[in-house]
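Participant: the sequence and its predicted three-dimensional model are supplied below.
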There are 6 protein chains.
Amino acid sequence: MRIDKRQNDELRPITIKRNVMKYAEGSAFIECGETKVLCTASVSFESPPFREGKGWVTAEYNMLPRATQQRNKRDISSLKKNSRASEIERLIGRSLRACCDLDAFNDVTIIIDCDVIQADGGTRTASITAGYVALYDAFEWMKEKGYVEKNPVICQIAAISAGIVHNEVMVDLCYAEDSNAQVDVNVVTDSFGNIAEIQATGEKSTFDKEQLDEIIALSQKCIERIMEIQRKCLAE
Amino acid sequence: MRIDKRQNDELRPITIKRNVMKYAEGSAFIECGETKVLCTASVSFESPPFREGKGWVTAEYNMLPRATQQRNKRDISSLKKNSRASEIERLIGRSLRACCDLDAFNDVTIIIDCDVIQADGGTRTASITAGYVALYDAFEWMKEKGYVEKNPVICQIAAISAGIVHNEVMVDLCYAEDSNAQVDVNVVTDSFGNIAEIQATGEKSTFDKEQLDEIIALSQKCIERIMEIQRKCLAE
Amino acid sequence: MRIDKRQNDELRPITIKRNVMKYAEGSAFIECGETKVLCTASVSFESPPFREGKGWVTAEYNMLPRATQQRNKRDISSLKKNSRASEIERLIGRSLRACCDLDAFNDVTIIIDCDVIQADGGTRTASITAGYVALYDAFEWMKEKGYVEKNPVICQIAAISAGIVHNEVMVDLCYAEDSNAQVDVNVVTDSFGNIAEIQATGEKSTFDKEQLDEIIALSQKCIERIMEIQRKCLAE
Amino acid sequence: MRIDKRQNDELRPITIKRNVMKYAEGSAFIECGETKVLCTASVSFESPPFREGKGWVTAEYNMLPRATQQRNKRDISSLKKNSRASEIERLIGRSLRACCDLDAFNDVTIIIDCDVIQADGGTRTASITAGYVALYDAFEWMKEKGYVEKNPVICQIAAISAGIVHNEVMVDLCYAEDSNAQVDVNVVTDSFGNIAEIQATGEKSTFDKEQLDEIIALSQKCIERIMEIQRKCLAE
Amino acid sequence: MRIDKRQNDELRPITIKRNVMKYAEGSAFIECGETKVLCTASVSFESPPFREGKGWVTAEYNMLPRATQQRNKRDISSLKKNSRASEIERLIGRSLRACCDLDAFNDVTIIIDCDVIQADGGTRTASITAGYVALYDAFEWMKEKGYVEKNPVICQIAAISAGIVHNEVMVDLCYAEDSNAQVDVNVVTDSFGNIAEIQATGEKSTFDKEQLDEIIALSQKCIERIMEIQRKCLAE
Amino acid sequence: MRIDKRQNDELRPITIKRNVMKYAEGSAFIECGETKVLCTASVSFESPPFREGKGWVTAEYNMLPRATQQRNKRDISSLKKNSRASEIERLIGRSLRACCDLDAFNDVTIIIDCDVIQADGGTRTASITAGYVALYDAFEWMKEKGYVEKNPVICQIAAISAGIVHNEVMVDLCYAEDSNAQVDVNVVTDSFGNIAEIQATGEKSTFDKEQLDEIIALSQKCIERIMEIQRKCLAE
């Protein structure tokens, strides 16, 4: 039995609210159990040097100081970007670039800001899931304004965490589970059922291929349900 | 007639929600019109060198990147603390220290984190008003845990912005008004009607003593209404 | 009786020396009792993005390491701009922008560097008072060089600190008084008797409107005397 | 046919030289084709706060400025830790912690410095493979000095990169292949055949489970050969 | 003929004022022509790790923004210690450590702050010359307070710049000469006529041993005169 | 007798390998006893502001963390450029600028990166000696590519350390000697026998002119041998 009485393949309650910010071109607020992340998509009319004249999508990830049990200091107080955040925001950026045609919009960078209001496990996958909604809406804004003819999104992207806890494969780990996980996996897939990224880490022990297969299969099943939530949100 | 059809002495709708965060010892979420600030109070069992063995209250103020019309870069990206934020968090800290007996709790620093989710004028005064609620609750937490016998709060503290726009004295300026203000004033008072801090700045012109008197009188009247909202919130 | 036997409304001896630096376009050295500040005005032929094509005045404030009783480390050693200095230099900048027509000179930023050689209270108000002289002379330099037809200064600006110490309202607090002040006020006015900025802080207690009125009245009277010193200095 | 005429399952020539540094407790220099990484293991007699009284292994990864085609600036010139390096050094640290019993040595942190002398693809996996040798030798040094009774290494750890290039699954991508890869995978396994970490990224497209299976199977086969090279190196 | 009509072996007018700062344990203000440096000596009751339990003397060197023709930005604005200043303060520190017995005072670091108020060539040598006076007085302060029995100074230290300009060997170069110097030399000697440090740099051309000999001989003669000024200053 | 049984005027074995890096325009790897430095020369098609339209040569110097007995932290971990490295890289830059005609190539900066792989004394002089070879080859690359008609090198530059240890003048100090040296000297000369730079420091005592003369004479003799090694290397 899991800490919060869920089945191993059971997601926590997930809600995504769209268009929650007054100024951002796209925005979404996601709650997965006690995990709460605010994602905004900002359209900036310049592209990075290595994509000159083309489009780009990038992400920033940050936790509010009191998103966690212990207050964590702001990056600026130590003048150092948190290295865990660097790792996570690179994952989010790669994942969201996988859902759109980067050549379909020019000299534009869309910045997805993922600010974790409260953290209870799965903040990076929640950021990807809600980041997709914010990104979609930023492209809609561009379409309305005439910057693109059609929305450059080519498929849905969503993500879920999974892992092995007390030798059981389970999905959507809360913090208490995550900190005891033997294996910690983040799966990002698109709406064709293909994989955009998998990161599987043996935190307390290594794992075999069969366990990995089981985790991936379970994760893919769950992501389908999450994509339905995304679709409902965007249909509203 | 003001932009949003308010009277010159009319506040925007203000709501304060208490205890909104899972982990923080105290927390409050304030909305003043479109301005939204999340305040958390974190109890840290150490005091700064200059208050060795005694208590201290300090504040940090930060805007989310997309709190504003234009996305503002995170401090860490330039490695520099925003100087406006430095100025503001010093004001918040001084104001909140005015409402409690700093000698009534030992070797404890309470950090008030004010994170602006959305900015539409008056974020610093909203931070003080909601910071008071978060601070009060952190002290309640300390009382429950036995760190203090009674809550060290000695009076209420609340704040309001005011100013002169198109030669009219008005309170609670929204961003559009604030950016056209000739004079910009922030008033912080306690529940005895005394002043904790006043900052009056001639942004586009200087001003005379009569104008200052009028602004202060109007602000004091409005703060009384805000204090009632604080009391209702804390009574729930 | 005050520490140095002054009356409550008595200023310390103030001297301002003009044109003290070989290279700066304007400069002034002010001594107020033991407080000593060197102000230089540097003309830079560019304006900040938000004032494109127009003029700007800004300030930097810094203390030498041994301006104070205890040696204070240089900002660079901690890689952090001192937040008190940030607050102060914003005040100086706003105050000096109030004395000139910023639209009367184009694509020029004048930087007022205020370096505190020795600190004994009132360094920020001394910086404003001497900064005015340095700024005036930098504009004179611009006039001589043909960058402006007439000096863009439209009024004098000067400042004084005041406060309540041992329940007495007094002006021009030295460090020993300042560190015991219940209320600490900085008043900046122009030569029309109007107020450019007031910052009134209850450091150890709050204060009422009558006390504020008394402080402001006393400060205004003193600033008149300081403006006379400025005028004499500029007449030499 | 691959750029350098290798078969898809063919590794580049790999050599590992052990004990190449005069001062380090352990060291190894690895060459995989034109990729060259120097790994040193430094024994530091302190553990991080979250492992108080116990052991820890951590890694730092850095490229020399001219390891690459274009000179890359040193981190210190921008005051920012390269975020790609942050991501990589976290992977190296996790991977190397998987090969030893962290509770078998106390109050010791072993720092694995991975300095890339020349980069031609696969620098992170080469760092793990050589880092294992350096770590092993640092533990041997500890054994000789009497800090541990037996070497805390419990299994071998090695890594390889793999991917899909022009729709072909291949291992050990050189830079030219890597920059054209559709899918980029890093596989880290132990000598029991178990997986320590897998990171699979769809750089230019997503991928399906069958492709992932094929990549993993091929990688595992190759890592066996790499582990033999490690064993030979450590047997010398 | 030199720019300011001096002979090649002629110093600019040098004045050193002692005890110019209210709070510092030692201080000196030196003027060499238009070069003006304020040196303070601060006694700090701790020693650096590599001198545990013993004494140390170190220096910091900094220019005010408008010490120079062009305003130079403060280090903190770029978050980088100026590398020329790093080089200079290391020279000053080494030079001043040469004049005292560092084992004669315990757990004390004396920090010599050299703040260049105005720069017209020779600021580093002026810093050494005045730094000696400030250091001497800080030791006197320690003697008065009973921290040492006798002043740990064992000899005088002073310095002068010299060089080759238009093929002429000359001393005490002003900025205009220095920026045209073919060879730039800084000589630091003690009062026994021995050399503490020589740095000779061919800025625009290399130089031969005979030229070096001539420069050193001339410099040594000039430093004798400077030491007399130091002695007079300390005798007052 | 010296630690490693050398004569006082005896160099350690020196080898310089040229063209050791795949991507750099010039490179050299020098070993002087146990001291090992990798120098690369990178051609960058831009010049610094103060050399607009002309050529420049600059250097960066850095130690790998485990170049030394004790691991030294990377600059980025403290966000501060090591001040010893700042001093050294300024010396290297000045020295290498002395060997070429900076007006003979336009809008090009050549950056000499000196990365100390292992340090056993004399790293800065080894950097200059090998930096010359890397710089020469970078100019050859420019000649081949048609950026210059002839190689802008006008003479050879090489350097050696020397000093006084236990009252004996000796050259090419290893670390153990260097850390006990009374006097520490670095001599840089060109192939005409002229001096480019001399830095002579009394580390533990001052020294007289005769000692300096002896050190310089001995150093010049040794540098002739080093230049022969440079020439052989470049002839291969």
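Facilitator: Perfect, thanks for sending it.
Participant: quick check: next helix or strand after the helix or strand containing A:Thr201?
Facilitator: Using DSSP states H and E, A:Thr201 maps to strand A:195-202. Once the chain leaves strand A:195-202, the next helix or strand it forms, by DSSP H and E, is helix A:209-235.
Participant: can you point out the buried residues in that next one?
Facilitator: By neighbour count on 16 or more other C-beta atoms under 10 Å in any protein chain shown, the buried set for helix A:209-235 is A:209, A:211-212, A:215-216, A:218-220, A:222-223, A:226-227, A:229-230, A:233-234. C-betas here are computed from N, CA, C, even on glycine.
Participant: burial count for the residue in chain A that chain E sits nearest to?
Facilitator: Chain A approaches chain E most closely through A:Leu79 (8.0 Å), counting by C-beta to the nearest C-beta. Residues lying near A:Leu79 (other C-beta atoms under 10 Å in any protein chain shown) number 19.
Participant: the closest residue in space to A:Ser205 that isn't next to it in sequence: what's it in contact with?
Facilitator: Among residues not flanking A:Ser205 along the chain, A:Gln182 sits closest, at 4.9 Å (C-beta to C-beta, 6 or more residues apart in numbering or on different chains). With contact taken as C-beta atoms under 8 Å, 6 or more residues apart in numbering or on different chains, A:Gln182 is in contact with A:163-165, A:167, A:202-205, A:207.
Participant: re the thing from before, what's the angle from the strand holding A:Thr201 to strand D:195-202?
Facilitator: Strand A:195-202 runs at 160 degrees relative to strand D:195-202, counting by axes from the mean of the first three to the mean of the last three C-alpha atoms, to 10 degrees.
Participant: low-confidence ranges in chain A?
Facilitator: Along chain A, segments meeting pLDDT under 70 are nowhere present.
Participant: what helix or strand is the residue sitting nearest the centre point of chain A on?
Facilitator: In chain A, the residue lying closest to the centroid (C-alpha atoms, centre = their mean) is A:Ile128, at 1.6 Å. Take DSSP H and E as the rule and A:Ile128 turns out to sit in helix A:123-145.
Participant: from A:Leu234, how far off is the residue sitting furthest away from the middle of chain A?
Facilitator: Distance from the C-alpha centroid of chain A peaks at A:Gly146, with 27.9 Å (C-alpha atoms, centre = their mean). Distance from A:Gly146 to A:Leu234, counting by C-beta to C-beta, to the nearest Å: 21 Å.
Participant: cool, A:Ser77 as well?
Facilitator: Going from A:Ser77 to A:Leu234 by C-beta to C-beta gives 38 Å.
Participant: bridging residues for the spatially closest residue to A:Thr129 that is not a sequence neighbour?
Facilitator: Excluding the flanking residues, the one nearest A:Thr129 by C-beta to C-beta, 6+ apart is A:Ala158, at 4.7 Å. According to DSSP bridges, the residues that bridge with A:Ala158 are A:Thr189.
Participant: A:Ala158 and A:Ala126 touch, don't they?
Facilitator: No - here A:Ala158 does not reach A:Ala126: they are 9.8 Å apart, not a contact under C-beta atoms under 8 Å.
Participant: identify the contacts common to those two.
Facilitator: Going by C-beta under 8 Å, 6+ apart, no residue sits against A:Ala158 while also sitting against A:Ala126.
Participant: tell me the residues of chain A that contact chain B?
Facilitator: A:21-24, A:27, A:34, A:38, A:40, A:42, A:44, A:60, A:62, A:64-69, A:71, A:74-76, A:79-81, A:111, A:113, A:115, A:117-118, A:120 (C-beta under 8 Å from any C-beta of the partner chain).
Participant: how does it look with 7 Å?
Facilitator: A:21-24, A:34, A:40, A:42, A:60, A:62, A:64-66, A:68-69, A:71, A:74-76, A:79, A:81, A:111, A:113, A:115, A:118 (C-beta under 7 Å from any C-beta of the partner chain).
Participant: okay, and which of those map to helices?
Facilitator: A:75-76 (DSSP state H).
Participant: contacts only, for the closest residue to chain C within chain A.
Facilitator: For chain A, the residue closest to chain C is A:Leu79, as judged by C-beta to the nearest C-beta, at 5.7 Å. The contact partners of A:Leu79, taken as C-beta atoms under 7 Å, 6 or more residues apart in numbering or on different chains, are B:79, C:79, F:79.
Participant: quick one: which of these is nearest C:Asp137?
Facilitator: Using C-beta to C-beta, C:Leu79 is the member of the contacts of A:Leu79 that lies nearest C:Asp137, at 33.9 Å.
Participant: next, the residue of chain A closest to chain E: phi, psi?
Facilitator: A:Leu79 adopts backbone torsions of phi 60, psi 20, taken as degrees, to the nearest 10.
Participant: can you pull the residues of chain A lying near chain F?
Facilitator: With C-beta under 7 Å from any C-beta as the criterion, chain A meets chain F at residues A:Leu79.
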